[in-house]
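>>> Provided below for reference: sequence and predicted model.
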Amino acid sequence: MNNIELEQRIKKTMSVIFDTDIESINEQSSPETLEKWDSLGHMNLVVALEEEFNLQLTEEQMLQIMDYKMIVELLTKIV
Amino acid sequence: MSNNYTAKYGNFYVRALLVNDVDENYLRWVCDEEVTDFLEIKYNTYTLQNLMDYTASFEGDTSKFLFGVFDTETHKHIGNGTINSVNYHSGIFDVGYFIGEKEYWGKNSGLATLLMLKKIAFEELKLRKIISWVYANNIRNRFVLQRIGYTHEATIKERFLYKGIKTDAGIYTLTTEDWFAKVKPKFEI
């Protein structure tokens, strides 16, 4: 999977979980820019990413992905 | 000294919880395993009377403060928070909270509650540092603490039992310096 495809899948997953347009997900996306990215939203995002990429994140990885850029960075390494 | 402290943030406010605030809803929350999942109170048995006794135990005690969390618009009581283990000599304290009304989950009610309790602790009580113990597997709470700027200072192995399984505790801290320099400006509280 190339980076463009990876990022598109991440954006699609985030747009569904946070109920927003895929175009609005970008490198600045974080809990500060997405209203629904709170603690419950974060757990929903973790589960959705695990399903989308068929993987299981560790507790530390779950807490590492605190914004869009960190999600891309992590999944680039492990997917 | 009575607890006259209040704070507002977003759609929520906190004020002292009084004995006459104790009702069937409060009892329902503390008997709900989903609400108390990561709280030590889940090991206790509750009645309206012992909740009233618990609430009354805060009156006149300056080492612990009990607050109700309310919806600003409807004034509905949705959960509780405490500032506890207050040591005025060292300036150390802890906070605890739960949101009992599940319709308020996923609406930043927990984040707002923590911010309000810390505003009171740092700005009204003039305390210096919060030290919180967190179940390591409580990812939701750890997410909130990281957002607020806590530092993960240590992990204590097998501090808690979670559903019979030995579970680590994370020790998270936040200082008054970081509150005023980072957290307060970031969240505009």
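Received, thanks.
>>> when you work out contacts or count neighbours from here on, use the C-alpha atoms and nothing else.
OK.
>>> could you export stretch A:69-79 as CSV, CA atoms only?
Written as CSV, here are the backbone C-alpha positions of stretch A:69-79 (Å, rounded to 0.1, in the frame of the first residue of the first chain):
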residue,chain,number,x,y,z
LYS,A,69,-0.1,13.3,11.5
MET,A,70,0.7,10.9,14.4
ILE,A,71,-1.8,8.4,13.0
VAL,A,72,-0.1,8.5,9.6
GLU,A,73,3.3,8.2,11.1
LEU,A,74,2.3,5.2,13.2
LEU,A,75,0.4,3.3,10.5
THR,A,76,3.2,4.0,8.0
LYS,A,77,5.4,2.0,10.2
ILE,A,78,3.2,-0.9,11.2
VAL,A,79,0.8,-1.5,8.2
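>>> who touches stretch B:71-91?
The contact list for stretch B:71-91 (CA atoms under 8 Å, 6 or more residues apart in numbering or on different chains) reads B:11-13, B:17, B:26, B:62-70, B:92-101, B:104, B:113, B:117, B:121, B:126-129.
>>> buried ones in it?
Buried residues in stretch B:71-91, counting neighbours by 16 or more other CA atoms under 10 Å in any protein chain shown, are found at B:71, B:77-86, B:91.
>>> cool, stretch A:12-19 as well?
Result for stretch A:12-19 [16+ other CA under 10 Å]: buried residues A:12-15, A:17-18.
>>> would you map the helices across chain B?
B:24-30, B:48-56, B:109-119, B:139-148, B:176-178, B:184-187 (DSSP state H).
>>> leaving out sequence neighbours, find the closest residue to residue B:84.
residue B:64 (4.2 Å; CA to CA, 6 or more residues apart in numbering or on different chains).
>>> quick check: that neighbour vs residue A:6, distance?
With distances taken as CA to CA, to the nearest Å, residue B:64 is found 49 Å from residue A:6.
>>> write the ChimeraX selection for whichever of the contacts of stretch B:71-91 are buried.
In ChimeraX syntax, the buried subset of those is picked out as below (16+ other CA under 10 Å):
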select /B:12,13,17,26,62,64,65,66,67,68,69,70,92,93,94,95,96,97,98,99,100,101,113,117,121,127,128,129
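>>> what stretches of the chain score poorly on pLDDT?
If you meant another chain, say so; for now it's chain A. For chain A, no stretch is flagged by pLDDT under 70.
>>> sorry, should have said chain B
By pLDDT under 70, the weakly predicted segments of chain B are B:1.
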